[in-house]
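K.L.:
sequence unknown, structure follows:
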């Protein structure tokens, strides 16, 4: 494994905490030791036999006697490698880290790997790693093998919970008392002590290497340096791959800062992962594949096409299917277009899509019902839901932002969550290096195609707002997010916040969503809640929302309670998607500070719909709006201020009955008001356009 270093970026790695090499410790409590610095030494003591292995050689490339991940007696040396060693399989000239590898004075090629069926996977791994290091291909033979061997012993190692490698009587003997310990120990040895070394490796009689194996897999076992400079993404990915194969948790190394450069590499997470206080510096200044995430939380259960379903009805309660368990079902009718966007970023719409949960007997979870009629289905897939929770804990992530052209070329480069039943707890993400221009981000936390995901006690960052040219040829501000949710259900953010000022409009915001159901903010301090192509049911409680406030379209019930909102409207119905909400709003015990306290004409429900554009669906205002205990802090207001309005002027041309809506906008039927107060002392009004809302019934505790 080749490690890439980037010293030229040192000035940009302020978030990285570079660790110095530690000397050999004198006590066993330090599980990992090194014999000194630099990593490759010119001489060392043969601890196992108490003798010195020759004079200091100025040209020797040393391989450490007691490795980064082990300690104990050792007796092996390294000398400069001859260039152009022959590949043992092809005979072609090729440079390998080791030109010569000897055990007790014999070339390792003279040894056979003695393995029974129980240890065959470890034997094949060892065979492959020796070949990758030397070009030599050792034979695997069933024990007892004749001649010198590399043997997997059933005897326990000298110390419990260890992997041990020792040279005795001309043989290299491996021992462990830990499940999967042979694989882990072999990989650790080669990742940290052999890969990258250029020389001749001599394992003398009496050599012993030990590695303490905890329950969790650590990145250093697979060669991660954690020094904030060396690119560790390959080692991180390999550690997770091993952990996934064997069902082991992963734990970052204490005190490490991992540098992740621009190569296209994704670490797949399928087991519990504890990042702890470790730092991760993600350098996006030279990215090969902007669409690749650094981590992907992926289910081991495979999705499949759902046969026998040719049509669906809105609010249908049961499908005539039998499933292996509860599944997230995604259905598409590409012949029907919805969300035909209007405005500066107009488009031709998206295929009708829905996502919902079905249990093993075909019952649809009616907490997230089917919202469209599907007369035809062009694709329908089911993703089985994992029953066991997967937890990701901690981690201090810093992104060095890209400096690409400000266009809609979204960067991923974060966490993609594609598995149901996941908890993210205590993660922190910060951003540095944002300049005069940059491409937008599609969410450091990106949740899609799954259900039941909770993010809690997490710190995120709003991205700087850049401008570009929209699809209509006009200048627009680009949306860029640290949270992106798509085709996901039951997603909760609990006790989360963002690092920058939620009232600072220079930062676009924190969250955007499409095709989601049952979203929750609880105890969060964010600049915005934003639902683009529909959310079915949403709740915001015990939270504070900044300059962008609440922006949404969708269906079902939208509940806001015990929350302070600084947006231009209490709730803004997105005009680019028709300002539609087919359902009801419930607002309780809230404070509304219009436009972050700047003088403005305040309104509770904002949006715009001319009735002249086909959005691909009938547009509705909430059928019922219930407001129970709301204080409007409108003390700063314009001179001509008449008081806050329930509805903004959603269509300035709709002044009388002569106006004809080509695509009628269905208005609110009823507004219920209880205990609504204003700092200005001015009463709550219906709207600046009372004709448009003349049929709305307003029921107030102060009289209709």
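P.N.:
Thanks, I have the structure now. Bear in mind the structure is a predicted one, so any value in this text is a computation, not a measurement.
K.L.:
who's in contact with the closest residue to residue 276 other than its chain neighbours?
P.N.:
In space, not counting the residues next to it along the chain, residue 276 is nearest to residue 394; the distance is 4.6 Å by Cβ to Cβ, 6 or more residues apart in numbering. Backbone N, C-alpha and C define where each C-beta goes, glycine included. Applying Cβ atoms under 8 Å, 6 or more residues apart in numbering, we find residue 394 in contact with 252, 274-278, 425-427.
K.L.:
same check, this time on residue 276
P.N.:
251-252, 254, 393-395.
K.L.:
Who wins on neighbours among these?
P.N.:
residue 252 (28 neighbours; other Cβ atoms under 10 Å).
K.L.:
Hmm, that residue is touching residue 393, no?
P.N.:
No. Using Cβ atoms under 8 Å, residue 252 is not in contact with residue 393; the gap is 9.8 Å.
K.L.:
what touches both of these two?
P.N.:
In contact with both residue 252 and residue 393: 274-276, using Cβ under 8 Å, 6+ apart.
K.L.:
Turn the residues you listed into TSV, including secondary structure.
P.N.:
What follows is the shared contacts of residue 252 and residue 393, written out as TSV (DSSP: H, G, I helix; E, B strand; the rest coil):
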residue	secondary structure
274	strand
275	strand
276	strand
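K.L.:
Show me which of these is closest to residue 452.
P.N.:
residue 274 (20.6 Å; Cβ to Cβ).
K.L.:
Can you pull up the most central residue in the protein?
P.N.:
The centre of the chain sits closest to residue 415, judged by Cα atoms, centre = their mean, with a distance of 1.2 Å.
K.L.:
I figured that one was touching residue 297, is that so?
P.N.:
Yes. The pair residue 415 and residue 297 passes the contact test of Cβ under 8 Å, sitting 6.8 Å apart.
K.L.:
between these two, what contacts are shared?
P.N.:
Common neighbours of residue 415 and residue 297, counting by Cβ under 8 Å, 6+ apart, are residue 392.
K.L.:
Roughly how far does the closest residue to residue 321 other than its chain neighbours sit from residue 352?
P.N.:
Once flanking residues are discounted, residue 321 sits nearest to residue 362: 4.7 Å by Cβ to Cβ, 6+ apart. Per Cβ to Cβ, to the nearest Å, residue 362 is found 22 Å from residue 352.
K.L.:
Can you pick out the residue with more neighbours from these two?
P.N.:
Counted by other Cβ under 10 Å, residue 362 and residue 352 do not tie: residue 352 has more neighbours, with 24 against 14.
K.L.:
tell me the contacts of that one?
P.N.:
Taking Cβ under 8 Å, 6+ apart, we find residue 352 in contact with 332-334, 336-338, 372, 374.
K.L.:
Mind doing that once more with 10 Å?
P.N.:
331-339, 371-378, 616-617 (Cβ atoms under 10 Å, 6 or more residues apart in numbering).
K.L.:
Then residue 595 would be within a helix, right?
P.N.:
Yes. The assignment for residue 595 is a helix, going by three-state DSSP.
K.L.:
my guess is it meets residue 548, correct?
P.N.:
No. Contact criterion Cβ atoms under 10 Å: residue 595 and residue 548 do not qualify, at 11.1 Å.
K.L.:
what do the two both touch?
P.N.:
Counting by Cβ under 10 Å, 6+ apart, the residues touching both residue 595 and residue 548 are 503, 566-568.
K.L.:
Out of these, which two sit at the greatest distance?
P.N.:
Once Cβ to Cβ is applied, these give 503 and 568 as the farthest pair, at 12.1 Å.
K.L.:
The two: which has the busier surroundings?
P.N.:
Using other Cβ under 10 Å as the criterion, residue 503 and residue 568 rank with residue 568 on top: 20 against 17.
K.L.:
who touches the spatially closest residue to the more buried one that is not a sequence neighbour in this structure?
P.N.:
Excluding the flanking residues, the one nearest residue 568 by Cβ to Cβ, 6+ apart is residue 595, at 5.1 Å. Applying Cβ under 10 Å, 6+ apart, we find residue 595 in contact with 503, 547, 549, 566-569, 601-602, 634, 636-637.
K.L.:
Any chance of these in JSON lines with pLDDT, secondary structure and distance to residue 449 as columns?
P.N.:
Conversion of the contacts of residue 595 to JSON lines gives the following (pLDDT from 0 to 100; DSSP: H, G, I helix; E, B strand; the rest coil; distance: Cβ to Cβ, whole Å):
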{"residue": "503", "pLDDT": "96", "secondary structure": "coil", "distance to residue 449": "34"}
{"residue": "547", "pLDDT": "96", "secondary structure": "strand", "distance to residue 449": "31"}
{"residue": "549", "pLDDT": "96", "secondary structure": "strand", "distance to residue 449": "28"}
{"residue": "566", "pLDDT": "98", "secondary structure": "coil", "distance to residue 449": "33"}
{"residue": "567", "pLDDT": "96", "secondary structure": "coil", "distance to residue 449": "30"}
{"residue": "568", "pLDDT": "95", "secondary structure": "coil", "distance to residue 449": "33"}
{"residue": "569", "pLDDT": "97", "secondary structure": "strand", "distance to residue 449": "32"}
{"residue": "601", "pLDDT": "93", "secondary structure": "coil", "distance to residue 449": "42"}
{"residue": "602", "pLDDT": "95", "secondary structure": "coil", "distance to residue 449": "39"}
{"residue": "634", "pLDDT": "95", "secondary structure": "coil", "distance to residue 449": "43"}
{"residue": "636", "pLDDT": "90", "secondary structure": "coil", "distance to residue 449": "45"}
{"residue": "637", "pLDDT": "89", "secondary structure": "coil", "distance to residue 449": "46"}
